[in-house]
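Undergrad: Need coordinates for the following:
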Amino acid sequence: MKKNVLLTGLGLVLAVCAVMVSRMACANDTDSRASAARERVTPVLNSFLGPCGARVGSPVFLRAVKEDSLLELWVKPDKGERYVLVKRYPIAAWSGELGPKQKEGDRQTPEGFYEVVPTGLNPRSNYHLSFNIGYPNSYDRFLNRTGSLIMVHGRDVSIGCLAMTDPGIEELYTMVEQALAAGQKSVPVQIYPFVPTPARLMQEKDSPHAAFWSLLARAWNWTENRHAPAPVVFRNGSLVLDSDAPCSGS
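TA: This is a model prediction of the structure:
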């Protein structure tokens, strides 16, 4: 009887140990995924960042254009005041149509002004690597928009996210991760439906999103003129381009 109890207890201990070892192995595997990606892409990234006076770990911001399926990587050189557009990445997939995301399950990729914080990094993603852009933001919540887990991630499928393929996300993840690790508090991610030229806005003048897109145009022009992420904030029920008058949204 005592022998059976002893064997049963030993079996339970071994089972618990096996589970713990398995979990540790999985954690090490997923954590090493980001480390392995960083080791692969850092020399490549530094090769084209160096001539700009930047490096992996310099401040960054991302600007995406849904209609063109492009995501831009902007980097601030260590001794510069203005960001430099260093690379454009093809977006392998985004979902929905032009216009902001409205609710959970609408399969719509958002538009507007978001940011990645350190807790948004996901080296254990089912889509290789990913980071959360922070949808819904304060403005979305004010408009009762719902949704969650809107990511920039690997692979080439999307349900509301920006899918960048695995090689693309390895570079972007590394740049975002290392900028945050170096002290950048958050990484802006600004998503546009299209390049908001006056002619393009005129084509969309009857859209229910026309007012919102007009604000986006002002933010786009801020970046084009000042080479910096547009400082858009939510204030008194409106999105505001900092030091500017309130603007209405969609």
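
Undergrad: can you give me the helices in the chain?
TA: Assigned by DSSP state H, the chain shows helices spanning 2-49, 138-142, 166-181, 198-203, 210-226.

Undergrad: Could you list every helix and strand in contact with the fourth one?
TA: This means helix 198-203. helix 210-226 (3 or more Cβ pairs under 8 Å, 6 or more residues apart in numbering; DSSP states H and E). In this view, the C-beta of every residue, glycine as well, is placed from N, C-alpha and C.

Undergrad: I'd say H153 and Y127 touch.
TA: Yes - H153 lies in contact with Y127 (Cβ atoms under 8 Å); the separation is 3.8 Å.

Undergrad: Compare these two (neighbour count), which wins?
TA: H153 (28 against 20; other Cβ atoms under 10 Å).

Undergrad: give the contact list for that one.
TA: Residues near H153 by Cβ atoms under 8 Å, 6 or more residues apart in numbering: 125, 127-131, 161-164, 169.

Undergrad: pLDDT and distance to D206 for these - can I get that in CSV?
TA: Shown next, in CSV, are these (pLDDT from 0 to 100; distance: Cβ to Cβ, whole Å):
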residue, pLDDT, distance to D206
S125, 92, 39
Y127, 94, 36
H128, 94, 40
L129, 96, 40
S130, 97, 36
F131, 97, 36
C161, 96, 29
L162, 97, 27
A163, 97, 31
M164, 96, 33
I169, 97, 37
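
Undergrad: about what we covered before: hey, least reliable of the helices of the chain by pLDDT?
TA: When the helices of the chain are compared on average pLDDT, helix 2-49 comes out lowest at a mean of 62.

Undergrad: Would you check how far apart the nearest residue to N137 once chain neighbours are set aside and S186 are?
TA: Distances taken as Cβ to Cβ, 6 or more residues apart in numbering put Y114 closest to N137, at 5.8 Å, once the chain neighbours are dropped. The spacing between Y114 and S186, counted by Cβ to Cβ, to the nearest Å, is 9 Å.

Undergrad: Same check on Y139?
TA: According to Cβ to Cβ, Y139 stands 16 Å off from S186.

Undergrad: of the two, who's got more company?
TA: Y139 (20 against 16).

Undergrad: Leaving aside the residues adjacent along the chain, what's closest to the more buried one?
TA: Leaving aside its chain neighbours, Y139 sits nearest to F234 (4.6 Å; criterion: Cβ to Cβ, 6+ apart).

Undergrad: And for M151?
TA: Closest residue in space to M151, ignoring its immediate chain neighbours: S130 at 4.2 Å, by Cβ to Cβ, 6+ apart.

Undergrad: picking up where we left off before, closest to S35 among the contacts of H153?
TA: Nearest to S35 out of the contacts of H153 is L129 (Cβ to Cβ; 10.9 Å).

Undergrad: In contact with the closest one, which residues?
TA: So L129 contacts 33-34, 37, 122-123, 153-154, 166, 169-170, 173 (Cβ under 8 Å, 6+ apart).

Undergrad: so A93 touches G160, yeah?
TA: No - when contacts are counted by Cβ under 8 Å, A93 is not listed as touching G160 (10.6 Å).

Undergrad: what about the two, which has more around it?
TA: The neighbour count for A93 versus G160, taken as other Cβ under 10 Å, is higher for G160 (21 against 16).

Undergrad: From K101, how far out is the more buried one?
TA: Separation of G160 from K101 (Cβ to Cβ) stands at 6 Å.
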